[in-house]
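K.L.:
what follows is a predicted structure for the sequence shown.
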Amino acid sequence: MEKLRVAFAYGADAAYLGFTDFSLRANAQNFSESDLAEVQLLKQQSGKKIYCTMNILFGESELEELKGQLETIKGWPFDAFIISDIGLVPILKEAFGNSVELHLSTQASCINSSSAAMYHQMGFSRVILGRETSLSDIRKIKKAVPTLQLETFVHGAMCMAYSGRCLLSSHLTGRSANQGDCSHTCRWNYRLTEKLSSGELALEEEQREGVYYPIAEEDGYTTILSSKDLCMIDHIQELLDAGIDSMKIEGRMKSSYYVAVVTRAYRKAIDASYTDDTSWKAYRDDLMNISHREYSTGFFFGRGPIDPKKGTSIDKSTDEGYHQQYLFCGFIGDQVKEGVYALELRNQIRETQTLEYIGNDVLFLEDSTFSLLDEHFEKVGQADHGKIQYLVTDKPLSKGYIIRRLSVVT
């Protein structure tokens, strides 16, 4: 619920959520019946849309389970179902009619106009294109099927397989990526070694000594199979011109802080595309401060190597591996007195540190003169996660503001 609230508060027009049994993020903090009342209230208050992800590949057992839960699902305020298994089309149509839209998941790998037209005829109002679709192909698809809404991922983790159709996880751990239980084997550490029997160069995974995967690569452990992160923040206008109706951010497995910063940056960039406002660039720069792998524009500008000279990579130099400038500390809660706010912490903060607050329209609001109070309003030197504590400050804050600090602060 927290991430859903944050996504809406920081600029999302819609959010997608899943149930553990039918979602490709089985290990995310998915939703259950206990969340229903809160979701209904949030949707009513915000006026935003909520989409339900049912994008696993269904076996017979999952199909029977879904049929048994349809009456329960009818109680949720969903505007659309995101599915990849076309066997669900007649089931959902019979249960919901035209009251809930059908959106085709990127997992279906729709990357051409013929496929898009076929899905539209089947009753899909929107296609979430495969991540392999270029801007050139998007323009052709939109021209061929102008009444079909096109959605694409613009930010977040990418898969080294074809739109997530990967068998690495199943092969190495028995956990199926297509059933929402990917073990992210492509993110593991590997090193180059010599296969004992033949001397052939191979990859050896850090935790699987003696298991070899033939390959040629540099020496030392590497995440050779791990893809970069997608980032299209500098190319919003090109996406709109190509015919994209909806831009999607990957992040159900990420933190609320990540959701806030990324959603806010793209909200500002999209809004600015209709005006001459350049203030969005400051939010774009803050996007570079969250934890991320090296950024890439993926396949939008072609299927070959990315050439920065042709404007096909993000205008930001990055190093290999993860980047993290800030440590997410938590949220500002209710104001209990003038200048006194409840704390909803995720990490410890201390009086000796300099904090920074951010909000939907607030950037880099520093505070080094705050003080901390315990549950009895007695002054303390530090505040911790899980305790009732308060922050005293002269800064103009609001409930929901994010508290962070430089990750290198001692």
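P.N.:
Nice, thanks for sending it over.
K.L.:
low pLDDT regions in the protein?
P.N.:
Residues of the chain meeting the criterion pLDDT under 70: 21, 23-30, 160-172, 174, 176-180, 195-200, 213-227, 303-323, 408-410.
K.L.:
middle-most residue in it, spatially?
P.N.:
Central residue of the chain (Cα atoms, centre = their mean): G251, 1.6 Å from the mean position.
K.L.:
look up phi and psi at that residue.
P.N.:
Dihedral pair for G251: phi 180, psi 20, per degrees, to the nearest 10.
K.L.:
how much space between it and K3?
P.N.:
Distance, G251 to K3, using Cβ to Cβ, to the nearest Å: 8 Å. Just so you know, the C-beta spots here come from the backbone N, C-alpha and C atoms, and that holds for glycine as well.
K.L.:
which residues do these two both contact?
P.N.:
V259 (Cβ atoms under 8 Å, 6 or more residues apart in numbering).
K.L.:
for S246, which non-adjacent residue is closest in space?
P.N.:
E151 (3.9 Å; Cβ to Cβ, 6 or more residues apart in numbering).
K.L.:
partner residues bridging that neighbour?
P.N.:
I128, S246 (DSSP bridges).
K.L.:
sketch out the strands for the stretch 301-410 of the chain, chain order is fine.
P.N.:
326-337, 340-345, 349-350, 355-359, 362-367, 371-373, 379-380, 382-383, 390-392, 402-406 (DSSP state E, counting those that start in this stretch).
K.L.:
dump those strands into a markdown table; add distance to L36 and mean neighbour count as well.
P.N.:
Compiled in a markdown table, these are given as follows (distance: least, Cβ to Cβ, whole Å; neighbours: other Cβ atoms under 10 Å):
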| stretch | distance to L36 | mean neighbour count |
| --- | --- | --- |
| strand 326-337 | 23 | 18 |
| strand 340-345 | 23 | 18 |
| strand 349-350 | 34 | 19 |
| strand 355-359 | 29 | 21 |
| strand 362-367 | 32 | 14 |
| strand 371-373 | 36 | 17 |
| strand 379-380 | 38 | 14 |
| strand 382-383 | 33 | 18 |
| strand 390-392 | 32 | 21 |
| strand 402-406 | 27 | 21 |
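K.L.:
okay if I get these as JSON lines plus distance to E194?
P.N.:
What follows is the strands of the stretch 301-410 of the chain, written out as JSON lines (distance: least, Cβ to Cβ, whole Å):
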{"stretch": "strand 326-337", "distance to E194": "41"}
{"stretch": "strand 340-345", "distance to E194": "50"}
{"stretch": "strand 349-350", "distance to E194": "50"}
{"stretch": "strand 355-359", "distance to E194": "49"}
{"stretch": "strand 362-367", "distance to E194": "51"}
{"stretch": "strand 371-373", "distance to E194": "57"}
{"stretch": "strand 379-380", "distance to E194": "58"}
{"stretch": "strand 382-383", "distance to E194": "52"}
{"stretch": "strand 390-392", "distance to E194": "57"}
{"stretch": "strand 402-406", "distance to E194": "43"}
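K.L.:
quick one: closest of these to K268.
P.N.:
With Cβ to Cβ, the closest approach to K268 among the strands of the stretch 301-410 of the chain belongs to strand 362-367: 10.1 Å.
K.L.:
hey, what's the angle from the closest one to strand 402-406? Just curious.
P.N.:
For strand 362-367 against strand 402-406, the angle by axes from the mean of the first three to the mean of the last three Cα atoms, to 10 degrees is 70 degrees.
K.L.:
mind giving me the domain ranges of the chain?
P.N.:
2-161+227-310, 168-222, 326-406 (automatic domain parsing).
K.L.:
comparing those domains, which comes out most buried?
P.N.:
Compared across the domains of the chain, domain 2-161+227-310 shows the largest average neighbour count, a mean of 18 (mean count of other Cβ atoms under 10 Å).
K.L.:
so how far is it off the chain centroid?
P.N.:
Between the centre of domain 2-161+227-310 and the centre of its chain there are 9 Å (Cα atoms, centre = their mean, to the nearest Å).
K.L.:
quick check: K268 is in a helix.
P.N.:
Yes. Under DSSP: H, G, I helix; E, B strand; the rest coil, K268 falls within a helix.
K.L.:
which residues touch it?
P.N.:
Counted by Cβ under 8 Å, 6+ apart, K268 has contacts 11, 279-280, 283-284.
K.L.:
out of those, who's nearest C329?
P.N.:
The closest of the contacts of K268, once distances to C329 are taken by Cβ to Cβ, is Y283, at 19.8 Å.
K.L.:
what's downstream of the helix or strand containing that closest one, the next helix or strand?
P.N.:
Per DSSP states H and E: Y283 is located in helix 280-287. Per DSSP H and E, helix 280-287 leads on to strand 295-296 as the next helix or strand towards the C-terminus.
K.L.:
thank you, goodbye.
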